[in-house]
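[1] how does the following fold in three dimensions:
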Amino acid sequence: GYKVANLPLVPNCPIPKELYEIDQTRIVGLVIDPVVLSSIRRNRLSVMGVGRRDMGVSIDYAELQKIQEELTWARALYAQNPDWPVLDVTLRGVEETAARILKILNDKRGDASPQWVEEMWKERGHTTDGAGAASQLSPARPLTTTVTDWGATGDQYLVEGLY
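    Model prediction:
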């Protein structure tokens with residue numbers, strides 16, 4: 001099994017110091033389309049029965065502008081930590097996100113990915129070099145994934161196309 005944690009990033013809240021004490025090559029930043037995140041958050045508030053009028057104050061948790069500010073802040077944090085690959089999880093399931101993270105981390109270390117990750121990667125139109133590193137694209141299936149950079153340097157991030 002894997003020991004993993006999901007650390008929600010909240011602007012103006014300090015990042016736990018423990019995040020910088022662990023192996024930095026094992027950290028992956030996640031981003032999502034702001035419109036999709038807004039929809040998820042609005043649904044979450046609705047399910048909880050929380051509305052603007054219920055609170056008596058403005059709730060900006062699901063507001064697009066607030067979410068765009070949060071994502072800008074997160075991307076700046078990722079850019080300050082170039083060892084952290086960044087993955088767009090828009091419209092991705094938990095299982096696919098986990099497989100992509102394992103693939104990225106194993107490829108960075110030069111380790112072979114678990115067989116199920118290799119199989120999923122191949123289903124997505126990639127071939128590997130046998131050690132887990134994606135090497136070529138299969139022409140049999142159109143590519144929906146574009147990799148611009150494995151690290152978060154400058155304005156370049158690991159970009160995932162929508163499927």
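[2] how far away is E95 from I101?
    11 Å (CB to CB, to the nearest Å). Bear in mind the C-beta positions are built from the backbone N, C-alpha and C, glycine included.
[3] more crowded one of these two?
    I101 (19 against 10; other CB atoms under 10 Å).
[4] contacts only, for the nearest residue to the more buried one once chain neighbours are set aside.
    Once flanking residues are discounted, I101 sits nearest to V28: 5.1 Å by CB to CB, 6 or more residues apart in numbering. By CB atoms under 8 Å, 6 or more residues apart in numbering, V28 lies in contact with 84-87, 101, 104-105.
[5] please, where are all the strands along this structure?
    For the chain, strands defined by DSSP state E occupy the ranges 29-31, 86-88, 126-128, 134-137, 145-147, 158-160.
[6] hey, least reliable of the ones you listed by pLDDT?
    Lowest mean pLDDT within those: strand 145-147, a mean of 34.
[7] point out where the chain drops to low pLDDT.
    Within the chain, the ranges that satisfy pLDDT under 70 run 52-58, 112-118, 120-121, 126-163.
[8] recalculate using a threshold of 90.
    1-5, 10-12, 25, 45-61, 102-103, 105-163 (pLDDT under 90).
[9] Throw the contacts of V28 into TSV and include distance to S46, thanks.
    Converted to TSV, those look like this (distance: CB to CB, whole Å):
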residue	distance to S46
W84	33
P85	33
V86	30
L87	28
I101	30
I104	34
L105	36
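[10] of the residues you listed, closest to V36?
    V36 lies nearest to L87 out of the contacts of V28, by CB to CB, at 14.4 Å.
[11] ok, now which ones touch that closest one?
    28-31, 97, 100-101, 104, 158, 160.
[12] and which of those is nearest E70?
    V31 (10.0 Å).
[13] which strand residues bridge the closest one?
    Here V31 sits in beta bridges with D88, as judged by DSSP bridges.
[14] how far away is it from L64?
    When V31 is compared with L64 (using CB to CB), they lie 15 Å apart.
[15] more crowded one of these two?
    V31 (20 against 14).
[16] touching, that one and P85? I think so.
    No - checked against CB atoms under 8 Å, the pair V31 and P85 is beyond contact range at 11.2 Å.
[17] which one of the contacts of L87 is nearest E119?
    R100 (13.4 Å).
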